[in-house]
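In: 3D model of this:
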Amino acid sequence: MKDPSIKKNYLFNTSYQILALIVPLITTPYVSRVLTANGIGIYSYTFSIVSYFVLFSALGTSTYSNRNLGIVRDNIEERTKFFWEIFSLRAILSSLSLIIYFSYVILFAENKLIAALQGIYLLDVMMDVTWFFQGMENFKMIAVRNYIIKLVNVIFIFTMVRDEGDLWLYVFGLSFWTLLANISMWLPLRKLIKGPNVRHIKPFNNIAIIIQLFVPTIASQIYTMLDKSMIGWISGKASENGCYEQSDKIVKMSITLIIALGTVTIPKISRLFAQGKLDGMKKLLYRSYRFVWALGCALMFGVIGINFVLVPVFFGPGYDRVKIILPILSTLFIIMGLNHTTGRQYLISTGRQKAYMYIVIVGGIINVLVNAACIPFFGAVGAAIGSVIGEIVILIVQLAYVYKIREFEIHKIFSSSWHYIVAGVDMMMVTLFAQRVLPTNFIGLAALIVIGAVCYCVILLIFRDEFAFMGLNIAKNSVNKIFKRKK
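Out: Numbering: from 1, shown residues only. This next block holds a predicted model:
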């Protein structure tokens with residue numbers, strides 16, 4: 001089987017991530033005003049509860065599959081057996097989760113209709129096979145599917161969600177269209193695997209390793225799930241959840257651009273490590289770290305620079321707390337990017353998931369403790385502080401572990417960061433000054449974003465940064481192709 005191109009896979013993956021970034025930019029201002037902070041808070045809290053069951057349903061299968069399919073993808077018999085074992089395991093776990101979750105909804109949930117509709121996500125997990133296409137490094141198929149589902153969901157939101165009473169329609173649309181998209185992926189799947197041989201399927205064959213991968217997955221998800229649950233439990237204010245949800249949404253939808261590279265390189269790094277090609281593996285890792293600094297600094301300093309215009313324009317009234325929460329969470333662009341590269345691209349790809357598991361557990365415990373101490377006094381701001389401190393602990397412990405095993409050099413992770421930091425700080429100062437003279441509306445916000453992006457890119461071009469020139473060349477080639485077509 002032909003070895004897939006990392007560049008093409010990254011472009012497919014990133015193109016979807018850009019669409020995933022653009023869609024909330026279109027829908028969030030509308031949804032924030034229509035559903036209000038209270039409605040968004042109810043959605044956020046109920047989604048955080050079902051997310052625990054979603055995690056259990058998926059266990060660590062996505063990460064395990066992404067890593068191991070990169071090794072067996074050229075053998076149709078092996079990958080067929082692998083697929084049906086993982087699918088069977090997910091189906092069993094999803095069925096169990098559905099029973100337990102709906103028992104919770106009937107007995108304990110306050111907003112029973114909203115909570116019940118959130119349960120569709122458990123069916124999503126059962127029918128989801130994107131983990132297989134990721135492991136096969138077929139990101140084009142995933143991207144095309146996601147383009148369609150995002151566009152359908154946008155149309156649904158603007159035509160069906162009209163006021164706060166339509167919260168149930170909003171929740172239904174998000175989960176139901178994802179379910180249909182997952183079902184659609186079974187059509188191209190038939191060409192890549194054979195039918196199941198029931199006698200040879202052992203769903204729990206590699207359960208020990210999968211659980212080792214599951215523990216760091218659930219620990220890392222604490223920053224989005226448990227934060228929101230604890231805000232609801234401790235503060236009891238839906239509006240606090242609403243403000244945290246919107247801040248977290250900005251960060252999470254942007255950070256996917258950073259970790260998109262990691263998603264497409266994990267199978268490649270696993271294969272290089274298995275083949276003993278350590279120099280090639282280290283080269284990929286160093287480029288990934290540099291990419292994190294390049295995009296992470298742009299996003300972090302950019303968000304801080306436009307924060308006081310972004311919040312009122314983007315979310316509308318009732319979200320003033322976001323102005324405090326968002327700058328704190330924006331530091332995660334860099335911290336989580338570095339952690340993803342070290343943890344998922346390196347430790348998991350090289351079979352060190354046990355060490356990664358313990359490291360992330362430590363960070364998760366720290367996050368919970370800080371949440372418990374800070375949320376009673378600071379509400380959602382305290383949860384943001386807990387998330388950042390938890391990720392910093394993970395970063396420190398991961399780098400200490402990498403230093404100990406000495407397979408690559410720590411200083412190279414940071415050696416190329418200085419000019420991205422300089423460019424980011426300069427961009428932030430320029431946007432902070434520019435917002436004094438620009439209007440606080442969508443035009444002013446768009447102008448700030450353009451000014452900041454141009455400033456950041458120009459400074460990097462002055463530093464002769466490789467990623468800046470790569471982006472410039474891609475832009476030139478795209479323009480040339482457009483002109484050639486017109487001729």
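In: Show me the shaky parts of the protein.
Out: Along the chain, the model assigns pLDDT under 70 to residues 1-21, 70, 198, 213, 215-224, 260-268, 270, 471-487.
In: Please state the offset of the helix or strand that contains residue 252 from the chain centre?
Out: Using DSSP states H and E, residue 252 falls within helix 238-274. What separates the centre of helix 238-274 from the centre of its chain is 2 Å, taken as C-alpha atoms, centre = their mean, to the nearest Å.
In: same question, stretch 45-57
Out: 16 Å.
In: That one: which residues count as buried?
Out: Using 16 or more other C-beta atoms under 10 Å as the test for burial, stretch 45-57 gives 45-57. Just so you know, the C-beta spots here come from the backbone N, C-alpha and C atoms, and that holds for glycine as well.
In: quick revisit: what is the subsequent helix or strand relative to the helix holding residue 252?
Out: Immediately after helix 238-274, counting by DSSP H and E, sits helix 278-315.
In: Now do the helix or strand just after that next one: which elements does it pack against?
Out: For helix 278-315, the following helix or strand on the C-terminal side (DSSP H and E) is helix 322-330. With contacts taken as 3 or more C-beta pairs under 8 Å, 6 or more residues apart in numbering; DSSP states H and E, helix 322-330 sits against helix 238-274, helix 278-315, helix 380-405.
In: can you put those helices in TSV and add mean neighbour count?
Out: Below are the helices and strands packed on helix 322-330 laid out as TSV (neighbours: other C-beta atoms under 10 Å):
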stretch	mean neighbour count
helix 238-274	23
helix 278-315	21
helix 380-405	20
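In: Turn those helices into CSV, including distance to residue 321.
Out: Shown next, in CSV, are the helices and strands packed on helix 322-330 (distance: least, C-beta to C-beta, whole Å):
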stretch, distance to residue 321
helix 238-274, 4
helix 278-315, 9
helix 380-405, 6
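In: so who does the residue nearest to residue 114 when sequence neighbours are not counted touch?
Out: Distance criterion C-beta to C-beta, 6 or more residues apart in numbering; nearest residue to residue 114, sequence neighbours excluded, is residue 46 at 5.0 Å. Residue 46 sits next to 109, 111, 114, 115, 118, 171 when contact means C-beta atoms under 8 Å, 6 or more residues apart in numbering.
In: Checking the third one next. Helix, strand or coil?
Out: If I follow you right, that is residue 114. With DSSP: H, G, I helix; E, B strand; the rest coil as the basis, the three-state label of residue 114 is helix.
In: Run the chain-centre distance for the helix or strand containing residue 89.
Out: According to DSSP H and E, residue 89 maps onto helix 76-107. In terms of C-alpha atoms, centre = their mean, the gap separating the centre of helix 76-107 from the centre of its chain is 22 Å.
In: just to revisit the earlier point, can you check which of the helices and strands packed on helix 322-330 gets nearest to residue 326?
Out: The closest approach between residue 326 and any of the helices and strands packed on helix 322-330, judged by C-beta to C-beta, belongs to helix 238-274 at 4.6 Å.
In: What's the local residue count around the closest residue in space to residue 176 that isn't next to it in sequence?
Out: Among residues not flanking residue 176 along the chain, residue 120 sits closest, at 5.9 Å (C-beta to C-beta, 6+ apart). By other C-beta atoms under 10 Å, 17 other residues sit near residue 120.
In: wait, residue 120 sits on residue 172?
Out: Yes - between residue 120 and residue 172 there is a contact at 7.4 Å, judged by C-beta atoms under 8 Å.
In: can you pull the buried residues of the strand or helix carrying residue 63?
Out: Take DSSP H and E as the rule and residue 63 turns out to sit in helix 61-72. Neighbour counts using 16+ other C-beta under 10 Å place 61, 62, 63, 64, 65, 66, 67, 68, 69, 70, 71 of helix 61-72 among the buried residues.
In: And for stretch 88-95?
Out: 88, 89, 90, 93, 94.
In: list the contacts for the first one?
Out: With contacts taken as C-beta under 8 Å, 6+ apart, residue 88 has the following neighbours: 201, 203.
In: again with the third one
Out: With contact taken as C-beta under 8 Å, 6+ apart, residue 90 is in contact with 57, 58, 59, 61, 125, 126, 128.
In: make it 10 Å
Out: 57-59, 61-62, 65, 125-129, 131, 203 (C-beta atoms under 10 Å, 6 or more residues apart in numbering).
In: tell me, how many neighbours does residue 276 end up with?
Out: 9.
In: Also residue 165?
Out: 11.
In: now residue 411
Out: Residues near residue 411, counting by other C-beta under 10 Å: 7.
In: Just give me the residue closest to the centre of the protein.
Out: The structure's the chain has its C-alpha centroid closest to residue 256; by C-alpha atoms, centre = their mean the separation is 4.4 Å.
In: Is residue 129 in contact with residue 138, as I believe?
Out: No - counting by C-beta atoms under 10 Å, residue 138 is not a contact partner of residue 129; they are 11.1 Å apart.
In: so what sits against both of those two?
Out: What both residue 129 and residue 138 touch, as defined by C-beta under 10 Å, 6+ apart, is the set 188, 192.
In: Same drill for the two, tell me which one is more crowded.
Out: residue 129 (21 against 18).
In: Without its sequence neighbours, what residue ends up closest to the more buried one?
Out: residue 185 (5.1 Å).
In: residue contacts, the one you found?
Out: Residue 185 sits in contact with 127, 128, 129, 130, 132, 133, 141, 142, 145, where contact means C-beta under 10 Å, 6+ apart.
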